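>>> here are the coordinates; sequence isn't available:
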């Protein structure tokens with residue numbers, strides 16, 4: 001149970017919320033039946049992606065109830081996986097493989113030779129992370145390209161019109177970059193402790209020495225701009241779940257900022273460095 005695009009409680013009983021929960025549980029079953037042991041890697045982000053893919057089609061599988069041994073609760077899922085769920089299971093496995101390769105790249109062992117496009121993109125990401133003081137967009141670009149490619153490839157398979165595929169690619173490109181940056185915010189303190197690469201710290205190394213300046217405003221601007229562009233593409237696609245998907249994205253942003261601020265442990269006189277929306281979050285928490 002991981003990922004940033006968790007379902008907010010206020011959407012739980014909406015049509016979108018019920019589809020989200022059914023998609024999540026069906027994806028879990030699909031991962032378990034197709035890829036032994038991969039149930040552990042079921043996640044909210046690919047649940048969100050599968051639901052987005054399925055919004056292009058008219059699949060309406062029946063819903064069945066079952067007892068979930070992991071949550072010890074009665075749950076519900078689809079009687080058969082949708083097209084989006086089948087593809088999400090495959091790409092969950094692929095992305096976990098890429099994460100493993102990424103982890104091994106940081107160890108002092110012989111590097112894994114790129115075998116395909118995805119391996120090559122991961123290698124490019126590794127090279128980029130050796131460059132410091134680059135923009136957040138520079139570090140997040142490869143993640144955007146990866147998600148954009150799998151989205152376009154998935155929709156091409158079902159002969160979706162080119163204009164929709166193009167818009168879906170752009171949407172996924174910015175969602176991929178957004179996920180990468182939100183991940184960097186959430187893991188900021190952990191990455192410092194473990195001495196791992198972190199895009200926020202690489203772009204703004206003075207954060208480690210608590211020199212903030214206009215840094216928070218720049219980070220907020222980049223992330224807010226991503227959300228606005230994603231919102232535009234969702235609306236351009238006339239996605240019927242666009243309002244709910246936007247709420248999920250905004251919720252993930254709020255949670256990441258809250259964790260980032262908590263890990264910074266700002267002094268009272270340092271709160272003036274924060275954008276107004278961030279100051280509101282500190283009062284809330």
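Happy to help now that I have it. All values reported here derive from a predicted model rather than from experimental measurement.
>>> what helix or strand is the most centrally placed residue in the chain on?
Nearest residue to the geometric centre of the chain (C-alpha atoms, centre = their mean): residue 179, 3.7 Å. Using DSSP states H and E, residue 179 falls within helix 162-186.
>>> cool, residue 232 as well?
Going by DSSP H and E, residue 232 is part of helix 215-236.
>>> Residue 76 now?
Residue 76 belongs to strand 73-78, assigned by DSSP H and E.
>>> And the helix or strand that that strand is followed by, what's buried?
Downstream of strand 73-78, the next assigned helix or strand under DSSP H and E is helix 83-105. In terms of neighbour count (16 or more other C-beta atoms under 10 Å), helix 83-105 has its buried residues at 83-92, 95, 98, 101-102. The way it works is simple: take the backbone N, C-alpha and C, and place the C-beta from them, glycine included.
>>> Make a markdown table out of those and add distance to residue 201 and pLDDT.
Below are the buried residues of helix 83-105 laid out as a markdown table (distance: C-beta to C-beta, whole Å; pLDDT from 0 to 100):
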| residue | distance to residue 201 | pLDDT |
| --- | --- | --- |
| 83 | 39 | 96 |
| 84 | 35 | 96 |
| 85 | 36 | 96 |
| 86 | 38 | 96 |
| 87 | 34 | 96 |
| 88 | 31 | 96 |
| 89 | 34 | 94 |
| 90 | 33 | 92 |
| 91 | 28 | 94 |
| 92 | 28 | 92 |
| 95 | 23 | 86 |
| 98 | 22 | 78 |
| 101 | 22 | 72 |
| 102 | 17 | 71 |
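>>> buried stuff in the helix holding residue 179?
Neighbour counts over helix 162-186 (16+ other C-beta under 10 Å) mark 165, 167-186 as buried.
>>> ok, back up a step: which two in the buried residues of helix 83-105 are spaced the farthest apart?
Largest separation among the buried residues of helix 83-105 by C-beta to C-beta: 83 and 102, giving 28.3 Å.
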